[in-house]
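coordinates only, sequence not included:
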């Protein structure tokens, strides 16, 4: 799955993408909106760090957030170069030879420098994007951030200016001679799937008769899917 | 999910882990063996790069591989510092307040420098580890690398000496007052799940009567699971 080992098909695909900027932009949006976690790469004292974190997207801005105590956020605040990578694994590509085994995936790599969001309204918009990115509809149901929480959260914005997508789809590309080997070849699709929601039993909501009332699992958690 | 925003429970957990080195070692192995993709962070000309790639583990060595044309591998060959991160997303943690939303995850971060594997036997062992990591049992069934393929593959080894694991499990940690809000809270578990295997129809295997024979989907692709 090393991204630089490209088959002829992929090279054609990428060249075609380069020609169609708008198409690639949409591919980038789709990947960012489907995935849940990004990997943030940055440098401190000549040492690379790669930290997984949640994110949100609003148009051409990727938002990440965290505590002011976070080393990652404090480092990024100084305006250093950052590389944010988002990867979706779509399947195992099982070839007839070990050499041509691969993976189907979609990934986005973003380069740039992050900016601190200081304006309260934009900060709130970013926090809304985090929650809505994970579970659409959730933001309106939960207690929204108070001023203390807003102040206690750093939100950084990274523009999607220098962003590119890479995609591998389809069947294995075996050596010509290997197609007659009696070895099964194909693709095993993979997908991130939600299980059954587990309720927190620490709820303390009482009805009029002072009996603890049960809050039903919201509808959006049944058949939850990322695509 | 930013790893540096730790709850009291997590801090206790990590302190406990630090005390139990062997336990953490097993957690690291389990995460590396379950996940399929790592994110490799490295620096070229003061620019951080984060590239997703497949990997294999043999004892305390993590192997990555690719074409000699790969910029990533060529960079790592020079002995520069690398940070490899592996993340498993286990669930969405839905709190009563937007602020306390989080994710359950397990991640490993490895620092070090990579070494080129030159000895043919170790290289083959690493390539075997890649295939077996993805689908146990697959290596023995497929055409194994010939000398040309072996020469055309760079394999790098990264020791797990400086490796650490971080884990978040369990329910949301809400503010005391929020437990009486009439908002559902809990965890939505997430898991990478395999779909139905799709056979490559380019097979050219003929039986004695010169009719094309069909190769059955191997048993190990039914109920394929990473855990």
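That came in fine, so what should we check first? All figures in this text were calculated on a predicted structure; none of them were measured in a lab.

Now do the helices in chain A.
In chain A, the helices defined using DSSP state H lie at A:8-19, A:21-34, A:71-77, A:120-134, A:147-151.

Indicate whether stretch A:147-161 makes contact with chain B.
Yes - Stretch A:147-161 lies within reach of chain B by Cβ under 8 Å from any Cβ of the partner chain, at A:149, A:153. Just so you know, the C-beta spots here come from the backbone N, C-alpha and C atoms, and that holds for glycine as well.

what about the residue nearest the centre of chain A, distance to residue B:189?
Nearest residue to the geometric centre of chain A (Cα atoms, centre = their mean): residue A:35, 3.2 Å. In this structure, residue A:35 and residue B:189 are 17 Å apart, going by Cβ to Cβ, to the nearest Å.

what does residue A:47 give?
If you go by Cβ to Cβ, the gap between residue A:47 and residue B:189 works out to 34 Å.

Low-confidence regions, chain A specifically.
Flagging of chain A using pLDDT under 70 yields the residue ranges A:1-22, A:205, A:210-212.

Against which helices or strands is the biggest strand by length in it packed?
Longest strand of chain A, by residue count under DSSP state E: strand A:81-94. Secondary-structure packing of strand A:81-94 (3 or more Cβ pairs under 8 Å, 6 or more residues apart in numbering or on different chains; DSSP states H and E): helix A:21-34, strand A:37-44, strand A:102-113, strand A:186-194, strand B:37-44, strand B:47-54.

so which of those comes closest to residue A:204?
For the helices and strands packed on strand A:81-94, the distance to residue A:204 is smallest for strand A:186-194, at 26.6 Å, taking Cβ to Cβ.

Give me the residues contacting that closest one.
A:36, A:89-94, A:104, A:170-172, A:221, A:224-227, B:36, B:89, B:135, B:188-200, B:217, B:221, B:224 (Cβ atoms under 8 Å, 6 or more residues apart in numbering or on different chains).

for the residue nearest to the centre of chain A, phi and psi?
The phi/psi pair for residue A:35 (degrees, to the nearest 10) reads phi -70, psi 160.

Residue A:90 is in contact with that one, correct?
No - contact criterion Cβ atoms under 8 Å: residue A:35 and residue A:90 do not qualify, at 11.4 Å.

What separation do you get for residue A:113 and chain B?
11 Å (Cβ to the nearest Cβ, to the nearest Å).

Give the burial count for residue A:162, as a bare number.
11 (other Cβ atoms under 10 Å in any protein chain shown).

which residue packs closest to it, ignoring adjacent ones?
residue A:111 (4.3 Å; Cβ to Cβ, 6 or more residues apart in numbering or on different chains).

now residue A:128
residue A:139 (5.1 Å).

right, and that neighbour touches residue A:131 too?
Yes - applying Cβ under 8 Å, one finds residue A:139 in contact with residue A:131, separated by 4.5 Å.

When these two are compared, which one has more neighbours?
Remark: of residue A:139 and residue A:131, residue A:131 carries more neighbours, 24 against 18, as counted by other Cβ under 10 Å.

Contacts only, for that one.
A:56, A:138, A:139, A:142, B:98, B:101.

how close does the second one get to residue B:97?
What that stands for is residue A:138. 11 Å.

thinking again about what came up before, got a quick PyMOL command for the buried subset of the contacts of strand A:186-194?
A single PyMOL command selects the buried members of the contacts of strand A:186-194 (16 or more other Cβ atoms under 10 Å in any protein chain shown):
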select buried, (chain A and resi 36+89+90+91+92+93+94+104+170+171+172+221+224) or (chain B and resi 36+89+135+188+190+191+192+194+197+199+200+221+224)
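
Can you point out the buried residues in stretch A:53-71?
A:53, A:54, A:55, A:56, A:57, A:61, A:62, A:63, A:64, A:65, A:66, A:70.

One more: stretch A:98-118?
A:98-112, A:114, A:117.

Which one of the helices of chain A lies nearest to residue B:40?
helix A:71-77 (17.5 Å).

Could you check how far the closest one is from the centre of its chain?
20 Å (Cα atoms, centre = their mean, to the nearest Å).

Show me the contact partners of that helix.
A:40, A:42, A:44, A:49, A:51, A:53, A:64-68, A:82, A:113-114, A:116, A:154, A:156, B:2, B:4.

How about residue A:225, nearest residue that isn't a chain neighbour?
residue A:194 (7.1 Å).

before we move on, the earlier item: higher neighbour count, residue A:138 and residue B:97?
residue A:138 (23 against 20).

List the residues that contact the more buried one.
A:131, A:132, A:220, B:94, B:98, B:101.

pretty sure the fourth one contacts residue A:135?
Think residue B:94. Yes - applying Cβ under 8 Å, one finds residue B:94 in contact with residue A:135, separated by 6.6 Å.

For the nearest residue to residue A:114 once chain neighbours are set aside, give me its contacts.
Counting by Cβ to Cβ, 6+ apart, residue A:114 lies nearest to residue A:156, which is 4.1 Å off, once chain neighbours are set aside. Going by Cβ under 8 Å, 6+ apart, residue A:156 touches A:63, A:64, A:65, A:73, A:76, A:77, A:114, A:115, A:116, A:117.

For the first one, list each beta-bridge partner.
Partner residues in beta bridges with residue A:63, using DSSP bridges, are residue A:56, residue A:157.

The closest residue to residue A:44 other than its chain neighbours: neighbouring residues, count only.
Closest residue in space to residue A:44, ignoring its immediate chain neighbours: residue A:75 at 5.3 Å, by Cβ to Cβ, 6+ apart. Counted by other Cβ under 10 Å, the residues lying close to residue A:75 total 19.

Please report how far residue A:75 lies from chain B.
11 Å.

how many other residues sit next to residue A:145?
Neighbours of residue A:145 (other Cβ under 10 Å): 19.

how near is it to chain B?
The value you get for residue A:145 to chain B, if Cβ to the nearest Cβ is used, is 5 Å.

That residue: what's it in contact with?
A:124, A:127, A:153, B:97, B:98, B:99.

Can you tell me the closest non-neighbouring residue to the last one?
Spelled out, that is residue B:99. residue A:149 (4.4 Å).

The third one too?
Leaving aside its chain neighbours, residue A:153 sits nearest to residue A:65 (5.5 Å; criterion: Cβ to Cβ, 6+ apart).

surely residue A:135 meets residue B:95?
No - between residue A:135 and residue B:95 there is no contact under Cβ under 8 Å: 11.3 Å.

can you count the residues close to the residue nearest to residue A:60 when sequence neighbours are not counted?
Nearest residue to residue A:60 in three dimensions, chain neighbours excluded: residue A:160, at 4.4 Å (Cβ to Cβ, 6+ apart). A count of neighbours around residue A:160, defined by other Cβ under 10 Å, yields 18.

Can you give me the distance of residue A:160 to residue A:77?
Taken as Cβ to Cβ, the span from residue A:160 to residue A:77 is 20 Å.

try residue A:183
The value you get for residue A:183 to residue A:77, if Cβ to Cβ is used, is 53 Å.

Of these two, give the one with the bigger neighbour count.
A side-by-side neighbour count of residue A:183 and residue A:77, using other Cβ under 10 Å, places residue A:183 first with 20 against 15.

Could you pull up phi and psi at the more buried one?
According to degrees, to the nearest 10, residue A:183 has phi -120, psi 130.
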